[in-house]
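**Student:** please find the sequence and the predicted model below.
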Amino acid sequence: MLCVYTLGAGTVVARSVESTRGFIDKNERADEAVEKLINNVKVFYNPIAEQVTVNFKLGKQANVTIKVMDALGNEVLNLMNGRLDGGIQNLSFESNSKLTTGVYFVRVSSGAETVVKRISVR
(Lines give C-alpha, C1' and ligand atoms only; values in the text may rest on other atoms or scores of the structure.)
Protein backbone atom coordinates (compact mmCIF):
# COMPACT_ATOMS: atom_id res chain seq x y z
CA MET A 1 0.00 0.00 0.00
CA LEU A 2 1.23 3.51 -0.74
CA CYS A 3 0.75 6.10 1.98
CA VAL A 4 0.98 9.76 0.93
CA TYR A 5 0.65 12.61 3.41
CA THR A 6 1.79 16.17 3.98
CA LEU A 7 3.87 17.44 6.86
CA GLY A 8 3.18 21.12 6.18
CA ALA A 9 5.63 23.79 4.98
CA GLY A 10 5.62 22.36 1.45
CA THR A 11 6.69 18.82 2.47
CA VAL A 12 5.02 15.78 0.91
CA VAL A 13 5.95 12.24 1.99
CA ALA A 14 5.18 9.04 0.09
CA ARG A 15 5.90 5.64 1.62
CA SER A 16 5.27 2.05 0.79
CA VAL A 17 3.64 0.68 3.95
CA GLU A 18 3.20 -2.90 5.11
CA SER A 19 1.66 -3.71 8.46
CA THR A 20 2.53 -6.83 10.39
CA ARG A 21 -1.09 -7.86 9.87
CA GLY A 22 -0.92 -7.22 6.12
CA PHE A 23 -3.11 -4.11 6.34
CA ILE A 24 -3.45 -0.95 8.36
CA ASP A 25 -6.60 -0.68 10.41
CA LYS A 26 -8.21 2.54 11.58
CA ASN A 27 -6.34 2.39 14.91
CA GLU A 28 -2.84 2.01 13.43
CA ARG A 29 -1.01 5.06 12.10
CA ALA A 30 1.04 4.67 8.89
CA ASP A 31 4.17 6.20 10.46
CA GLU A 32 4.07 3.56 13.19
CA ALA A 33 3.97 0.73 10.65
CA VAL A 34 7.44 1.49 9.25
CA GLU A 35 10.57 3.04 10.64
CA LYS A 36 11.39 6.38 9.03
CA LEU A 37 14.55 6.35 6.96
CA ILE A 38 14.61 10.00 5.83
CA ASN A 39 13.94 12.58 8.54
CA ASN A 40 13.98 16.37 8.98
CA VAL A 41 14.64 17.31 5.35
CA LYS A 42 15.52 20.99 4.95
CA VAL A 43 16.49 22.80 1.75
CA PHE A 44 18.07 26.23 2.05
CA TYR A 45 18.56 29.01 1.31
CA ASN A 46 15.14 29.47 -0.17
CA PRO A 47 14.86 31.21 -2.57
CA ILE A 48 18.17 29.94 -3.88
CA ALA A 49 20.53 31.89 -6.10
CA GLU A 50 23.90 30.20 -6.62
CA GLN A 51 23.90 27.23 -4.25
CA VAL A 52 21.36 24.85 -2.73
CA THR A 53 22.00 22.93 0.50
CA VAL A 54 20.01 19.81 1.39
CA ASN A 55 20.11 18.76 5.05
CA PHE A 56 18.47 15.61 6.43
CA LYS A 57 18.92 12.74 8.85
CA LEU A 58 19.29 9.27 7.39
CA GLY A 59 18.16 6.49 9.75
CA LYS A 60 20.76 3.99 8.51
CA GLN A 61 23.22 3.47 5.65
CA ALA A 62 21.26 3.51 2.39
CA ASN A 63 21.25 4.41 -1.29
CA VAL A 64 19.92 7.95 -1.69
CA THR A 65 18.82 9.87 -4.77
CA ILE A 66 18.40 13.65 -4.75
CA LYS A 67 16.79 15.24 -7.81
CA VAL A 68 15.44 18.65 -8.76
CA MET A 69 12.12 18.48 -10.60
CA ASP A 70 10.21 21.22 -12.41
CA ALA A 71 6.56 22.05 -11.71
CA LEU A 72 5.45 19.43 -14.29
CA GLY A 73 7.46 16.65 -12.60
CA ASN A 74 10.25 16.58 -15.19
CA GLU A 75 13.75 15.90 -13.87
CA VAL A 76 15.92 19.01 -14.28
CA LEU A 77 18.99 17.98 -12.27
CA ASN A 78 20.21 14.74 -10.72
CA LEU A 79 22.15 16.06 -7.72
CA MET A 80 23.07 12.74 -6.18
CA ASN A 81 22.68 9.02 -6.62
CA GLY A 82 24.79 7.04 -4.19
CA ARG A 83 25.21 5.31 -0.85
CA LEU A 84 25.36 7.41 2.33
CA ASP A 85 26.10 6.42 5.92
CA GLY A 86 23.38 6.87 8.50
CA GLY A 87 23.28 10.14 10.42
CA ILE A 88 23.06 13.85 9.64
CA GLN A 89 23.67 14.68 5.97
CA ASN A 90 24.55 18.20 4.82
CA LEU A 91 25.04 18.29 1.04
CA SER A 92 25.63 21.46 -1.00
CA PHE A 93 25.29 21.77 -4.77
CA GLU A 94 25.94 24.60 -7.20
CA SER A 95 22.83 25.64 -9.06
CA ASN A 96 23.62 26.04 -12.73
CA SER A 97 22.11 27.40 -15.92
CA LYS A 98 19.43 24.65 -15.94
CA LEU A 99 17.73 26.33 -12.98
CA THR A 100 16.10 29.45 -14.34
CA THR A 101 13.85 31.68 -12.24
CA GLY A 102 10.83 29.73 -11.03
CA VAL A 103 9.47 27.05 -8.71
CA TYR A 104 11.10 23.63 -8.42
CA PHE A 105 10.88 20.60 -6.16
CA VAL A 106 13.80 18.82 -4.50
CA ARG A 107 13.05 15.10 -4.21
CA VAL A 108 15.04 13.02 -1.69
CA SER A 109 14.44 9.27 -2.14
CA SER A 110 15.70 6.09 -0.55
CA GLY A 111 14.05 2.74 -1.17
CA ALA A 112 10.27 3.13 -0.90
CA GLU A 113 10.52 6.47 0.92
CA THR A 114 10.43 9.88 -0.79
CA VAL A 115 10.35 13.40 0.67
CA VAL A 116 9.66 16.40 -1.58
CA LYS A 117 10.46 20.04 -0.71
CA ARG A 118 9.38 23.09 -2.72
CA ILE A 119 12.06 25.65 -3.63
CA SER A 120 12.18 28.93 -5.54
CA VAL A 121 15.00 30.11 -7.77
CA ARG A 122 15.53 33.81 -8.28
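**Tutor:** Ah, there it is. Numbering: from 1, shown residues only.
**Student:** going along the chain, name the helices of this protein.
**Tutor:** 30-33 (DSSP state H).
**Student:** all strands for it, in order.
**Tutor:** For the chain, applying DSSP state E gives strands covering 2-8, 11-16, 38-44, 51-58, 62-70, 75-84, 87-94, 102-110, 113-121.
**Student:** weakest of the ones you listed in terms of mean pLDDT?
**Tutor:** Within those, confidence is poorest for strand 2-8, with a mean of 56 (mean pLDDT).
**Student:** so which bits of stretch 63-73 are buried?
**Tutor:** 64, 66-68, 70 (16 or more other CB atoms under 10 Å). Placement of C-beta: from N, CA and C, glycine included.
**Student:** now do it: distance to the chain's middle.
**Tutor:** Distance of stretch 63-73 from the chain centroid (CA atoms, centre = their mean, to the nearest Å) equals 8 Å.
**Student:** how much space between residue 108 and residue 97?
**Tutor:** Shown here: residue 108 relative to residue 97, a distance of 23 Å by CB to CB, to the nearest Å.
**Student:** kindly apply the preceding question to residue 122 instead.
**Tutor:** Between residue 122 and residue 97 the distance is 14 Å, computed by CB to CB.
**Student:** between the two, which one's more packed in?
**Tutor:** Using other CB atoms under 10 Å, the more surrounded residue of residue 122 and residue 97 is residue 122, with 8 against 5.
**Student:** what pLDDT is listed against the more buried one?
**Tutor:** At residue 122, the pLDDT value in this model is 82.
**Student:** list the contacts for it?
**Tutor:** Neighbour list for residue 122: 47-49, 101 [criterion: CB atoms under 8 Å, 6 or more residues apart in numbering].
**Student:** name the member of those with the most neighbours.
**Tutor:** residue 48 (19 neighbours).
**Student:** for it, list each beta-bridge partner.
**Tutor:** residue 121 (DSSP bridges).
**Student:** just residue 94 next, same as before
**Tutor:** Bridge pairing for residue 94 - DSSP bridges - gives residue 51.
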